[in-house]
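> build me a model from this:
(chains A and B)
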Amino acid sequence: DGGITQSPKYLFRKEGQNVTLSCEQNLNHDAMYWYRQDPGQGLRLIYYSQIVNDFQKGDIAEGYSVSREKKESFPLTVTSAQKNPTAFYLCASSLGTVSNQPQHFGDGTRLSIL
Amino acid sequence: GESVGLHLPTLSVQEGDNSIINCAYSNSASDYFIWYKQESGKGPQFIIDIRSNMDKRQGQRVTVLLNKTVKHLSLQIAATQPGDSAVYFCAEKSLGNEKLTFGTGTRLTIIP
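Below you'll find the model as predicted:
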């Protein structure tokens, strides 16, 4: 089946620790995105990538980092600089960023602080 | 700044009835709109989209209406079923913009 796979489903972070969330897609999409969702709120864009080896900051990039070494993969690292990391993290992909194509989402990773 | 919002945060509908979820947007340059359904603990699922050169689009049991004059978007779900219970988000994008802007969502509850 084609789709977007996020892992792990649940993740716990200790104080001062960096953690990495995985996102893999086999849809052959060029663009990939990371969003953060807090309870009762909409999705806020953290980072996005239009093509391999290129990415841009979204609206709330502080305390996060990404890489795009392969078309299929767009991992997100939540660094110790992110002081309020507890949230539901969603990865998405689309054919392109500028063209009018829907984004398709994975089933998310829920990150909590120990 | 631009915003996408919803008129009602919650909506309860009797099973079998039709439901209408509304969304207001403020960006006059918005030219592409999407509705997503999100079930508990899952990612948003694409339902239907519409471009600004259309005012209506139909899918299976769903219809999206776009009124550009008043910057209003609605999602109609016909003959609601228990499986329709979820949070529904609208999102918009303007021409040449790389980002989608999401509303905060409406929780739809289907009453058996």
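> what does stretch A:91-105 rub up against?
A:3-4, A:6, A:21, A:23, A:25, A:27, A:29-35, A:48, A:50, A:74, A:76, A:90, A:106, A:108, B:31-32, B:34, B:36, B:43-46, B:49, B:51, B:93, B:96-100 (CB atoms under 8 Å, 6 or more residues apart in numbering or on different chains). C-beta here means a position set from N, CA and C on the backbone, and glycine is covered the same way.
> so where's chain B uncertain?
B:1-8 (pLDDT under 70).
> what's around the residue of it found nearest chain A, how many residues?
Proximity of chain B to chain A (CB to the nearest CB) peaks at B:G43, 3.5 Å away. Residues near B:G43, counting by other CB atoms under 10 Å in any protein chain shown, number 22.
> in contact with it, which residues are there?
Applying CB under 8 Å, 6+ apart to B:G43 gives the contacts A:I4, A:Q6, A:L90, A:A92, A:F105, A:G106, A:D107, A:G108.
> regarding it, what is its secondary structure?
coil (DSSP: H, G, I helix; E, B strand; the rest coil).
> next, count neighbours for B:E15.
Applying other CB under 10 Å, I find that B:E15 has 13 neighbouring residues.
> ok, the one 3 residues further on next?
The burial count assigned to B:N18 is 13, neighbours taken as other CB under 10 Å.
> relative to A:S99, how far out is the closest residue to chain B within chain A?
The minimum distance from chain A to chain B, using CB to the nearest CB, falls at A:F105 (3.5 Å). Counting by CB to CB, to the nearest Å, the gap from A:F105 to A:S99 is 18 Å.
> between the two, tell me which one has more neighbours.
A:F105 (23 against 11).
> please name the nearest non-neighbouring residue to the more buried one.
Spatial nearest neighbour of A:F105, excluding adjacent residues (CB to CB, 6 or more residues apart in numbering or on different chains): B:G43 at 3.5 Å.
> what about the one you found, distance to B:L100?
In this view, B:G43 and B:L100 are 14 Å apart by CB to CB.
> same check on A:P8?
Distance, A:P8 to B:L100, by CB to CB: 26 Å.
> between these two, which has more neighbouring residues?
Neighbour totals were compared for A:P8 and B:L100, and B:L100 leads with 25 against 12 (other CB under 10 Å).
> how many other residues sit next to the closest residue to that one other than its chain neighbours?
Nearest non-adjacent residue to B:L100, counting by CB to CB, 6+ apart: B:A91, 4.5 Å away. Neighbour count of B:A91, defined by other CB under 10 Å: 26.
> who touches B:A91 in this structure?
Here B:A91 is in contact with B:V4, B:F33, B:I34, B:W35, B:Y36, B:L100, B:T101, B:F102, B:G103 (CB under 8 Å, 6+ apart).
> and the closest residue to B:S85 other than its chain neighbours, how close does it get to B:I77?
Using CB to CB, 6+ apart and skipping the chain neighbours, the partner closest in space to B:S85 is B:I110 (4.8 Å). Using CB to CB, we find B:I110 at a distance of 9 Å from B:I77.
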